[in-house]
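K.L.:
Starting from these lines, generate the structure:
(chains A and B)
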Amino acid sequence: QVQLKESGPGLVQPSQTLSLTCTVSGFSLTSYNVHWVRQPPGKGLEWMGRMRYNGDTSYNSALKSRLSISRDTSKNQVFLKMNSLQTDDTGTYYCTRAGRWTIPFFDYWGQGVMVTVSS
Amino acid sequence: DIQMTQSPSSMSVSLGDTVTITCRASQDVGIYVNWFQQKPGKSPRRMIYRATNLADGVPSRFSGSRSGSDYSLTISSLESEDVADYHCLQYDEYPPTFGAGTKLELK
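P.N.:
Numbers count the residues shown, from 1 in each chain, chains lettered A, B, ... in the order given. The predicted model follows:
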């Protein structure tokens, strides 16, 4: 069955770099796009960026200067790296999938990983 | 970026109520709107896709509709398990953008 699972450190110091991994199963990274979405505590959802099935990437313009998404198809993993973290980057980070041509879109999500930015 | 203006931000509800949540898109997004349910500490769950289609396993008391640039999620005969946060999403144009969310609370 389709599964996505995020992993990474729960605590990051300000100005440091966040590294997260999304490990997928039940589908191929060369057939689906994987997106990253985050949610500050008690707030709404924000799209961060995506890794397309063909290896292309797209980023939220507000995060583009700090964000990088990559993948290892042999390990079924998509990676997120974001530098210069600040306290308002605290929140839960999710990976989710979408079909090549928007069908389906965000049908499966990981359980999320809570990231706290604090010294 | 396309703005999805979601209302209300919160709603006090009773079991058995019919509840309607609305998102207004700042420009045409066609049918490319999804609705998600999110319970505390859980991931979003897709409830409605392409504005009006019920996702697999979602009870039939949930429905989605569109009128122009207004998109609505309706829950008929609210059950206790429906008390949650709800989010709309447009994915017609990048970046995908979410509404601010609606929190349902029991009276």
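K.L.:
Could you pick out the residues of chain A near chain B for me?
P.N.:
By the rule C-beta under 8 Å from any C-beta of the partner chain, the part of chain A lying against chain B is A:35, A:43-47, A:58, A:60-61, A:94, A:96, A:98, A:102, A:104-107, A:109-112. All C-beta atoms are positioned from the backbone trio N, CA, C, and that covers glycine.
K.L.:
What about A:Gln1, how many residues nearby?
P.N.:
Neighbours of A:Gln1 under the rule other C-beta atoms under 10 Å in any protein chain shown: 6.
K.L.:
Give the full set of residues in contact with the closest residue to it other than its chain neighbours.
P.N.:
Nearest residue to A:Gln1, sequence neighbours excluded (C-beta to C-beta, 6 or more residues apart in numbering or on different chains): A:Gly26, at 5.1 Å. By C-beta atoms under 8 Å, 6 or more residues apart in numbering or on different chains, the contact set of A:Gly26 is A:Gln1, A:Val2, A:Gln3.
K.L.:
Just the closest of those residues to B:Ile2, please.
P.N.:
Nearest to B:Ile2 out of those is A:Val2 (C-beta to C-beta; 27.7 Å).
K.L.:
A:Phe106 against A:Ala98, yeah?
P.N.:
Yes: proximity of A:Phe106 to A:Ala98 meets the contact threshold set by C-beta atoms under 8 Å, at 6.0 Å.
K.L.:
Report the set of residues contacting both of the two.
P.N.:
Common neighbours of A:Phe106 and A:Ala98 (C-beta under 8 Å, 6+ apart) are A:His35, B:Tyr91.
K.L.:
Give the rounded mean pLDDT of the helix or strand harbouring A:Trp47.
P.N.:
Secondary-structure assignment from DSSP states H and E places A:Trp47 in strand A:46-51. Strand A:46-51 comes out with an average pLDDT of 98.
K.L.:
Let me know the pLDDT of A:Ile103.
P.N.:
pLDDT, A:Ile103: 83.
K.L.:
what's around it, how many residues?
P.N.:
Neighbours around A:Ile103, by other C-beta under 10 Å: 11.
K.L.:
helix/strand/coil for it?
P.N.:
coil (DSSP: H, G, I helix; E, B strand; the rest coil).
K.L.:
OK, contacts around it?
P.N.:
A:Ile103 touches nothing, counting by C-beta under 8 Å, 6+ apart.
K.L.:
and it, how far is that from B:Met47?
P.N.:
16 Å (C-beta to C-beta, to the nearest Å).
K.L.:
Any figure for the gap between the residue nearest to the spatial centre of chain A and B:Thr18?
P.N.:
Centroid check for chain A by C-alpha atoms, centre = their mean gives A:Trp36 as the closest residue, at 2.9 Å. Going from A:Trp36 to B:Thr18 by C-beta to C-beta gives 35 Å.
K.L.:
cool, B:Lys39 as well?
P.N.:
In terms of C-beta to C-beta, B:Lys39 sits 21 Å off from B:Thr18.
K.L.:
do A:Pro104 as well
P.N.:
28 Å.
K.L.:
before we move on, what about A:Pro9?
P.N.:
Taking C-beta to C-beta, one finds A:Pro9 at 44 Å from B:Thr18.
K.L.:
do the same with B:Ser77
P.N.:
Separation of B:Ser77 from B:Thr18 (C-beta to C-beta) stands at 7 Å.
K.L.:
again, but for A:Val24
P.N.:
Separation of A:Val24 from B:Thr18 (C-beta to C-beta) stands at 38 Å.
K.L.:
For B:Ala55, give me its contacts.
P.N.:
Counting by C-beta under 8 Å, 6+ apart, B:Ala55 touches A:Asp107, B:Arg46, B:Met47, B:Ile48, B:Tyr49.
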